[in-house]
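S.K.: the amino acid sequence is not available; the structure is as follows:
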């Protein structure tokens, strides 16, 4: 689940870098992405190697569905709290 969340955050950062019109913010965004890739490359390679060595698509699909189910529950609870 943490990997999925990290990919979502990385995609959001890339989206912001592309959408921002200031050159300074684009450069800072690119530098942030490069730093995040450099800082977490060992963990990412370890995850990819373990998945390639022992692919478990059923577990991956279960993890993804569990992530979205819990995310939906958190969002619905937030709206429930706001409405009440």
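M.R.: In hand now; what should we look at? Note that the structure is predicted; figures quoted are calculated from it, not measured. Residues are numbered from 1 along each chain as shown.
S.K.: now do the buried residues in the helix or strand where residue 63 lies.
M.R.: Per DSSP states H and E: residue 63 is located in helix 57-83. Counting neighbours by 16 or more other C-beta atoms under 10 Å, one finds that the buried residues in helix 57-83 are residue 67. Bear in mind the C-beta positions are built from the backbone N, C-alpha and C, glycine included.
S.K.: go on, stretch 29-45?
M.R.: For stretch 29-45, the buried set under the neighbour-count rule, 16+ other C-beta under 10 Å, comprises residue 29.
S.K.: residues in contact with the lowest-mean-pLDDT helix or strand in the chain?
M.R.: Comparing helices and strands within the chain by mean pLDDT, DSSP states H and E singles out helix 2-19 as the least confident, with a mean of 75. Residues external to helix 2-19 that are found in contact with it (C-beta atoms under 8 Å, 6 or more residues apart in numbering): 25, 26, 29, 30, 32, 33, 36, 40, 47, 63, 64, 67.
S.K.: what do you get if the cut-off is 10 Å, keeping everything else the same?
M.R.: The contact list for helix 2-19 (C-beta atoms under 10 Å, 6 or more residues apart in numbering) reads 25-33, 36-37, 40, 43-44, 47-48, 51, 60, 63-64, 67-68, 71.
S.K.: what about these, which are in helices?
M.R.: When helices are assigned by DSSP state H, the members of these inside them are 25-33, 36-37, 40, 43-44, 47-48, 51, 60, 63-64, 67-68, 71.
S.K.: and the protein, what are its domains?
M.R.: Structural domains assigned to the chain are 1-53, 56-84, following automatic domain parsing.
S.K.: mind checking how far the least confident helix or strand of the chain is from the chain centre?
M.R.: Here the centre of helix 2-19 is set off from its chain's centre by 6 Å, with C-alpha atoms, centre = their mean, to the nearest Å.
S.K.: over to stretch 15-30?
M.R.: Here stretch 15-30 is found 19 Å from its chain centre; the criterion is C-alpha atoms, centre = their mean.
S.K.: next: stretch 50-57.
M.R.: 20 Å.
S.K.: quote the end-to-end distance of it.
M.R.: 13 Å (C-alpha to C-alpha, to the nearest Å).
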